[in-house]
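Engineer: can't give you the sequence, but here's the structure:
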């Protein structure tokens, strides 16, 4: 698997369709952990935990979607990257949702990126 962020988005969508009480387990990457922490700060994901099972050589990430999360969409894909300056960031669903960006200062929500006047790659949108 080359695109672990798309895998994260698909697993969250599948958990939303199945049941909101499902805990998602996925391989740990720095990008997945940073995006999960931003989603947790926004209230869309709860219980973000990093752990390592005995006998395994790699760490895993556990997270659980909340009832606040009703949709998630990957914007920038490996074949077509989408970049925006802080002036060009548009509200998601009329201000109901939030975009998650990869900026030079790390992974930020669109609200934080506007406050810090940072642009970057739009990774995903949540609402």
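Structural biologist: Yep, it's here. A quick note: this is a predicted structure, and the numbers were derived from the prediction, not measured.
Engineer: Can you name the element that comes right after the lengthiest helix in the chain?
Structural biologist: Counting residues, the longest helix in the chain under DSSP state H turns out to be helix 4-18. Sequence-wise, the next helix or strand beyond helix 4-18 is strand 24-27, with elements assigned using DSSP states H and E.
Engineer: any weak-confidence spans in this structure?
Structural biologist: 1, 20 (pLDDT under 70).
Engineer: now the strands for it?
Structural biologist: The residue ranges that make up the strands of the chain, judged by DSSP state E, are 24-27, 45-51, 60-65, 72-74, 83-84, 98-103, 106-109, 120-126.
Engineer: Report back the residue of this structure that's furthest from centre.
Structural biologist: In the chain, the residue that sits farthest from the middle, by C-alpha atoms, centre = their mean, is residue 55; the gap is 28.7 Å.
Engineer: Quick check: phi and psi at that residue.
Structural biologist: phi 90, psi -10 (degrees, to the nearest 10).
Engineer: From residue 77, how far off is the residue nearest the centre of the chain?
Structural biologist: For the chain, residue 35 is the residue whose C-alpha lies nearest the centre (C-alpha atoms, centre = their mean; 3.9 Å). For residue 35, the distance to residue 77 (C-beta to C-beta, to the nearest Å) stands at 15 Å. For the C-beta atoms, the positions are set from N, CA and C on the backbone; glycine is no exception.
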